[in-house]
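*Asks:* Quick one: sequence plus predicted model below, questions after.
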Amino acid sequence: MRPILFISDLHLAPQAPGVTRIFLDFLRGRARAAESLFILGDLFEAWPGDDCLDDPADRLAAEVVTALRELVATGVGLSVMHGNRDFLLGERFAAASGARLLPDPWLLALPGGEFVLAHGDSLCTDDREYQSFRSLVRRPDWQQAFLARPLSERKAVAAALRQQSETAKRDKAQYLMDVNPAETDDFLRAHGYVGLIHGHTHRPATHDHIVDGIHVQRWVLADWHASRGECLCWDGERLARECLS
């Protein structure tokens, strides 16, 4: 079978052209040999609304969406999940790119294996300040009101929120930015003890959980950098990490 690929946390932005270059090379190369590509959140550093595709100054959004559409045209299935940075990706983005927007979490049944996919931020419950923010911005009424504001204003708000987030990270204890162990075990239990694939924490690793006496693996996807990206590959029998540079 052709492989299934998983990536997350690229945080594409004009200020990080190296990451964009690696991603576009990936879409035009390795990804075309896949059956499907799953992007599990934070493809973009910020997404102020689908109308950014109309902004002549926002060449990155149009370039990436075009490259995604070209990938889909080769027969590769594309699924995208919202992250904490690009939670406003909408139906117009999906139509333009050819992507299917996935709810979080999503149960994926594959030949030879079953996994639950998530961005991962919902499991970081020790960070109560962030969880309050997450609950607010995921509300349909908040999103509708925000998207009614001018695009330039939304971009300014997004830039300010990014700066606040980076500042807050420096002052937070490390455990606040990782998944809560008890919450994660409850999540694995609720989803039938299948393997979990997620991103968000920027701490790529494979974790072994024993939940109710059952061994469950949790695969944390890597964040991307100017000189290196990473995908997780399912070949029908096992998961393996692949370095992209």
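*Replies:* Perfect, I can see it now.

*Asks:* just checking, next helix/strand downstream of the helix or strand bottoming out on mean pLDDT in the chain?
*Replies:* Ranked by mean pLDDT, DSSP states H and E, the weakest helix or strand in the chain is helix 151-171, scoring a mean of 84. Next helix or strand after helix 151-171 toward the C-terminus (DSSP states H and E): helix 181-190.

*Asks:* Strands of the chain, start to end?
*Replies:* 4-7, 36-40, 77-81, 100-102, 106-110, 113-118, 195-198, 205-211, 214-220, 229-234, 239-244 (DSSP state E).

*Asks:* so what does the first one touch, helix or strand wise?
*Replies:* Other helices and strands packing on strand 4-7, by 3 or more Cβ pairs under 8 Å, 6 or more residues apart in numbering; DSSP states H and E, are strand 36-40, strand 229-234. Any C-beta I mention is one placed from the backbone N, CA and C, and that applies to glycine too.

*Asks:* go with 10 Å
*Replies:* helix 17-28, strand 36-40, strand 106-110, strand 113-118, strand 229-234, strand 239-244 (3 or more Cβ pairs under 10 Å, 6 or more residues apart in numbering; DSSP states H and E).

*Asks:* Could you give the separation of it from the chain centroid?
*Replies:* Chain-centre distance of strand 4-7: 11 Å, with Cα atoms, centre = their mean, to the nearest Å.

*Asks:* Next, count neighbours for S165.
*Replies:* 13 (other Cβ atoms under 10 Å).

*Asks:* now G77
*Replies:* By other Cβ under 10 Å, neighbour count at G77 equals 15.
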